[in-house]
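Novice: sequence and predicted structure below; questions after.
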Amino acid sequence: MNMIYRDATPADLPAIDTLFRASFVATFGHLYQPRDLADFLAGFTPEAWAEEFAEPDLRFQLAEDEQGLAGFAKTSNLTLPAETGARTYELRQLYLDERAKGSGAAQALLDWALDQGRARGAEEMWLSVYVDNHRARRFYERNGFEDRGPYAFMVGAHADEDRLMRRML
């Protein structure tokens, strides 16, 4: 699979939203009551994506193949409730289309995110991952992230147990 990586533009936001929704529902949708899932996804409006995109510290990197958007990563200053005194940066989202899993796109997007943190003078990169998303947890652990404790990730009125993970940069 031949992948091209590039920074996102505002014109990419509809494709990012489509991929995010499809990937989230395919991976996690079975965990939630329909109302909780609908309430969660309702927060991802075109306006909300545009507001995020306009945040000066937030960055999106895209992975594209001949079929279009295959994955994306989103980084920003730390928003997670991590207890740290270090300079931090956060991997807020990393999502792939099913066809891109195993292609190396996740590694390329994570490497980009780590480079973003370093370029901003961060000493640590933080993320959260669903406790039972074993594939993602193994991927992050292979890349030097350590479990730093629980985090309640809200999907509607449902609290998932996520794990906060940190990597020293």
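Specialist: That came through, no problem.
Novice: low-confidence stretches in the chain?
Specialist: 1 (pLDDT under 70).
Novice: show me where it has its helices.
Specialist: 13-28, 34-42, 46-54, 105-119, 134-142 (DSSP state H).
Novice: what's the burial count for Arg148?
Specialist: Using other CB atoms under 10 Å, Arg148 has 17 other residues around it. C-betas here are computed from N, CA, C, even on glycine.
Novice: residues in contact with it?
Specialist: By CB atoms under 8 Å, 6 or more residues apart in numbering, the contact list for Arg148 reads Ala82, Trp126, Arg163, Leu164, Met165, Arg166.
Novice: now do the contacts for the second one.
Specialist: Translated: Trp126. Leu78, Leu80, Ala82, Thr84, Thr88, Tyr89, Glu90, Leu91, Arg148, Leu164, Met165, Arg166.
Novice: so how far is Ala22 from the residue nearest to the third one when sequence neighbours are not counted?
Specialist: I take that to be Ala82. Ranked by CB to CB, 6 or more residues apart in numbering and with sequence neighbours excluded, the top spatial neighbour of Ala82 is Trp126, at 5.0 Å. As for Trp126, its distance to Ala22 is 26 Å (criterion: CB to CB, to the nearest Å).
Novice: equivalent analysis for Gly117, please.
Specialist: Distance of Gly117 to Ala22, given as CB to CB: 28 Å.
Novice: and these two? Which one has more around it.
Specialist: Gly117 (23 against 14).
Novice: burial count for the residue nearest to that one when sequence neighbours are not counted?
Specialist: Of all residues not flanking Gly117 in the chain, Tyr89 sits nearest, at 3.5 Å (CB to CB, 6+ apart). Neighbour count of Tyr89, defined by other CB under 10 Å: 26.
Novice: quick one: residues contacting Tyr89.
Specialist: So Tyr89 contacts 75-78, 113, 116-117, 120, 122, 124-126, 169 (CB under 8 Å, 6+ apart).
Novice: and the contacts of Trp126, which of them are buried?
Specialist: Buried members of those, scored by 16 or more other CB atoms under 10 Å, are Leu78, Leu80, Ala82, Thr88, Tyr89, Glu90, Leu91, Arg148, Leu164, Met165, Arg166.
Novice: can you lay out the residues you listed as a markdown table showing distance to Leu13?
Specialist: Listed next are those as a markdown table, based on distance: CB to CB, whole Å:
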| residue | distance to Leu13 |
| --- | --- |
| Leu78 | 23 |
| Leu80 | 23 |
| Ala82 | 27 |
| Thr88 | 26 |
| Tyr89 | 22 |
| Glu90 | 20 |
| Leu91 | 19 |
| Arg148 | 31 |
| Leu164 | 27 |
| Met165 | 27 |
| Arg166 | 29 |
